[in-house]
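Engineer: quick one: sequence plus predicted model below, questions after.
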Amino acid sequence: MGKKPMFSEQISAFLALLDQVQKDNDWNAQEVVRLDRLTQDYLHMLELEDFSSRERARVAKDLKACRVERRRAKDIVVTTQPMVDFLEGERGKMMISQLQQVLGKVRREENHITQRTYTPKVLSQEDFEARNR
């Protein structure tokens, strides 16, 4: 028989998911800014440099790839922002704090359950152990 799943692991995974949403949002927001700057680099190259048609095509291809990547990053920011706004608000912070407290209590109870022992009240310890073999 496999290991029983622990409820604390599920709570912990949920808290990790909430943390990851915030990290993903931050990283992708920074990536949008970086890719905006890279877009400007490519546009200025096309404007100011005297490229051959082959070189111009290469820069245009790089520009397109940059814009596709920026769109991907911006889509992630747009879809994660409502959750980030909630988590950064008073109610979200309170929810996370309460879930962390619940997680601590659940872990203590799970630990108590796995460490559970019984001391016989009437039988001697030896009689009790003999009956449970």
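Structural biologist: Structure received.

Engineer: where exactly do the helices run in this structure?
Structural biologist: 7-48, 53-88, 90-114, 125-131 (DSSP state H).

Engineer: make TSV out of those helices and add mean neighbour count.
Structural biologist: In this view, the C-beta of every residue, glycine as well, is placed from N, C-alpha and C. Shown next, in TSV, are the helices of the chain (neighbours: other CB atoms under 10 Å):
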stretch	mean neighbour count
helix 7-48	14
helix 53-88	14
helix 90-114	12
helix 125-131	10
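
Engineer: and those, which one averages the lowest pLDDT?
Structural biologist: Least confident of the helices of the chain, judged by mean pLDDT, is helix 125-131 with a mean of 72.

Engineer: report all helices and strands that it contacts.
Structural biologist: For helix 125-131, not one helix or strand is in contact under the criterion 3 or more CB pairs under 8 Å, 6 or more residues apart in numbering; DSSP states H and E.

Engineer: what does that helix rub up against?
Structural biologist: For helix 125-131, the surrounding residues in contact (CB atoms under 8 Å, 6 or more residues apart in numbering) are Y118, T119, P120, L123.

Engineer: find the residue at the geometric middle of this structure.
Structural biologist: Q20 (1.8 Å; CA atoms, centre = their mean).

Engineer: gap between that residue and R34?
Structural biologist: Distance, Q20 to R34, by CB to CB, to the nearest Å: 21 Å.

Engineer: ok, I11 next?
Structural biologist: With CB to CB as the criterion, I11 and R34 are 35 Å apart.

Engineer: for D62, same thing?
Structural biologist: 14 Å.

Engineer: repeat that for L103.
Structural biologist: To R34, L103 is 36 Å away according to CB to CB.

Engineer: E88 now?
Structural biologist: Distance from E88 to R34, by CB to CB: 23 Å.

Engineer: make sure G92 is actually in contact with F86.
Structural biologist: Yes - at 4.5 Å, G92 counts as touching F86 under the criterion of CB atoms under 8 Å.

Engineer: cheers, nothing more for now.
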